[in-house]
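Undergrad: Have a look; sequence and predicted model below, questions after that.
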Amino acid sequence: MSVLQRILAAQAPCRKDSWLYRILPSVSHKPFASIDQGHINHNWDEVGPDPNQLRWKPFEIPKACQKKVDFVSGLHTLCGAGDIRSNNGLAVHIFLCNSSMENRCFYNSDGDFLIVPQKGKLLIYTEFGKMFLQPNEICVIQRGMRFSVDVFEETRGYILEVYGVHFELPDLGPIGANGLANPRDFLIPVAWYEDRQVPGGFTVINKYQGKLFASKQDVSPFNVVAWHGNYTPYKYNLENFMVINAVAFDHADPSIFTVLTAKSLRPGVAIADFVIFPPRWGVADKTFRPPYYHRNCMSEFMGLIKGHYEAKQGGFLPGGGSLHSAMTPHGPDADCFEKASKAKLEPERIADGTMAFMFESSLSLAVTKWGLKTCGCLDEDYYKCWEPLQAHFTPTSRSPTEPK
Ligand SMILES: O=C(O)Cc1cc(O)ccc1O
Ligand SMILES: [Fe+2]
């Protein structure tokens, strides 16, 4: 492992600190000035809440031949809640880019980023070293860390930003010592540096209270020759997730698939959970195996990295998304309902070759103007996937395994 090392406690929640040893102290050579906001927007109430089930077609990536867009200029806020100034809340952003950041880096004063690439690989230069990230891997870059992103094609992904808290592994409770995302599978960068003068200026972009500011300096900020501490970016390959699920009957709460959680101060309640739906076996008897129809207290933003989501074979596509707000009913589409209602309950593989995920929050999310209008990807027909639902209730029917 030349570039990355394993970390045993990437998620140590409380005190976090790292010491960085630089060639030159990192101070701005010019004052920070406000720059074009792009579509970074924390003013969700500009459009406001929407109690409907929303679905987005794949967010469109700008064509490289038309306009060069890098990771920062291609960041768009989709929805969120809370307040940055009091360090409580979250935002969901989409990144759509086609070019590498050239002599530009970004740092976020507001919160931590959990980055989920969906299309295209990312080579992320951080002050702690480099991280190479491909779809089906995720990384966390915490508040204040400067980073720059190289891309190699038209690239898309999702970001979950949390304010005032860090992501950590969920408490395992009765699961015990190991399972779900295991600490051994989290990787952190090893120090890497460049001693590079940049006569034309290296632009440092800062997100502060939801707005972007820029300052120039004449050396690369990636001039850290060594560091130690436990405040580090890290990455994780979702393939390593050790899935635990129902093996007798009933559909488990998807919280059993939590990779990382950003806890609120209320025990058991998260600002945001990052949950995945990995390939696994379905074996539950006497059970409607797909996700149940439900209304619940959480806001659920879902995205798809690859393949199909078990509850929506059509319409929910890789690179798109959906949002089911608190207490709004939702569940499998009519097609899935029909098939699962008649299916023989044999052991079956579920979700092979796919990876859907959920950013789930106890806060009530509002959608930005970009999400509802500007992106142009809202699927106005989403509700139609439930229109053909038919009742299958037959009072006299019995399960084949039930005693007569
Ligand atoms: O709404 C969804 O598709 C996500 C989800 C999946 C599941 O298996 C159970 C509940 C749930 O919210
Ligand atoms: Fe749900």
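TA: Noted; the coordinates are in hand. Ligands and ions are numbered 1, 2, ... in the order given.
Undergrad: Show me what counts as buried in the longest helix along the chain.
TA: Secondary structure of the chain per DSSP state H: the longest helix is helix 334-342. Residues of helix 334-342 classed as buried by neighbour count (16 or more other Cβ atoms under 10 Å): 336, 337, 340. C-beta here means a position set from N, CA and C on the backbone, and glycine is covered the same way.
Undergrad: Looking at the residues you listed, spot the one nearest residue 30.
TA: Nearest to residue 30 among those, counting by Cβ to Cβ, is residue 336 at 55.8 Å.
Undergrad: Quick one: residues contacting that closest one.
TA: 290, 310, 311, 312, 313 (Cβ atoms under 8 Å, 6 or more residues apart in numbering).
Undergrad: Look up how far ligand 1 lies from the residue lying closest to residue 172 once chain neighbours are set aside.
TA: What sits nearest to residue 172 in space, not counting adjacent residues and going by Cβ to Cβ, 6 or more residues apart in numbering, is residue 179, at 6.2 Å. Residue 179 is 18 Å from ligand 1, where distance means Cβ to the nearest ligand atom, to the nearest Å.
Undergrad: Which ones, among the contacts of residue 336, also lie beside ligand 1?
TA: Within the set of the contacts of residue 336, contact with ligand 1 (Cβ under 6 Å from any ligand atom) is found for residue 311.
Undergrad: Most neighbours of all the contacts of residue 336, which one?
TA: Neighbour counts for the contacts of residue 336 peak at residue 312, which has 24 neighbours (criterion: other Cβ atoms under 10 Å).
Undergrad: can I assume that one is in contact with residue 382?
TA: No: here residue 312 lies out of contact with residue 382, judged by Cβ atoms under 8 Å, at a distance of 9.6 Å.
Undergrad: for stretch 165-185, which positions count as buried?
TA: 165, 166, 167, 168, 169, 170, 180, 181, 185.
Undergrad: do stretch 91-110 as well
TA: Within stretch 91-110, the residues that count as buried by 16+ other Cβ under 10 Å are 91-101, 104-108, 110.
Undergrad: go on, stretch 135-147?
TA: Quick answer for stretch 135-147 (16+ other Cβ under 10 Å): 135, 136, 137, 138, 139, 140, 141, 142, 143, 145, 146, 147.
Undergrad: residues in contact with the closest residue to ligand 1 within the chain?
TA: Ligand 1 sits closest to residue 291 of the chain, with a gap of 3.3 Å, by Cβ to the nearest ligand atom. For residue 291, the contact set (Cβ under 8 Å, 6+ apart) comprises 251, 254, 310, 311, 331, 332.
Undergrad: Could you work out the most separated pair of the residues you listed?
TA: Spanning the widest gap among those are 254 and 332, at 13.4 Å by Cβ to Cβ.
Undergrad: So for the two, which residue has more residues nearby?
TA: Shown here are residue 254 and residue 332; by other Cβ under 10 Å, residue 332 has more neighbours (25 against 17).
Undergrad: Just the element for that one, please.
TA: Assessed by DSSP states H and E, residue 332 sits outside every helix and strand.
Undergrad: Now it: closest residue in space, sequence neighbours ignored.
TA: Residue 332 sits nearest to residue 311 (Cβ to Cβ, 6+ apart), 3.9 Å away.
Undergrad: same check, this time on residue 89
TA: Sequence neighbours aside, residue 82 is the residue nearest to residue 89 in space, at 1.5 Å (criterion: Cβ to Cβ, 6+ apart).
Undergrad: mind listing what residue 275 touches?
TA: Here residue 275 is in contact with 254, 255, 257, 258, 259, 357, 358, 359, 360 (criterion: Cβ under 8 Å, 6+ apart).
Undergrad: Ignore what I typed, I meant residue 48.
TA: By Cβ under 8 Å, 6+ apart, residue 48 lies in contact with 366, 367.
Undergrad: ok, back up a step: quick one: the contacts of residue 336 as CSV, columns for pLDDT too.
TA: Formatted as CSV, the contacts of residue 336 follow (pLDDT from 0 to 100):
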residue, pLDDT
290, 96
310, 89
311, 89
312, 89
313, 85
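Undergrad: tally of neighbours for the residue nearest to residue 252 when sequence neighbours are not counted?
TA: Leaving aside its sequence neighbours, residue 252 sits nearest to residue 246 (Cβ to Cβ, 6+ apart; 4.8 Å). Per other Cβ under 10 Å, the neighbour tally for residue 246 reads 16.
Undergrad: Show me what residue 75 bridges to in the sheet.
TA: Beta-bridge partners recorded for residue 75 (DSSP bridges): residue 95.
Undergrad: wait, doesn't it sit right on residue 40?
TA: Yes: the pair residue 75 / residue 40 is scored as a contact, 5.5 Å apart, by Cβ under 8 Å.
Undergrad: joint contacts of these two?
TA: Residues touching both residue 75 and residue 40 (Cβ under 8 Å, 6+ apart) are residue 93.
Undergrad: And the two? Which one has more around it.
TA: Between residue 75 and residue 40, residue 75 has the larger neighbour count (other Cβ under 10 Å), namely 23 against 20.
Undergrad: Can you tell me the closest non-neighbouring residue to residue 382?
TA: Closest to residue 382 by Cβ to Cβ, 6+ apart is residue 55, at 3.9 Å.
Undergrad: what's across from the one you found in the sheet?
TA: With DSSP bridges as the criterion, residue 55 is bridged to residue 322.
Undergrad: Report the mean per-residue pLDDT for stretch 118-138.
TA: Mean per-residue pLDDT for stretch 118-138: 98.
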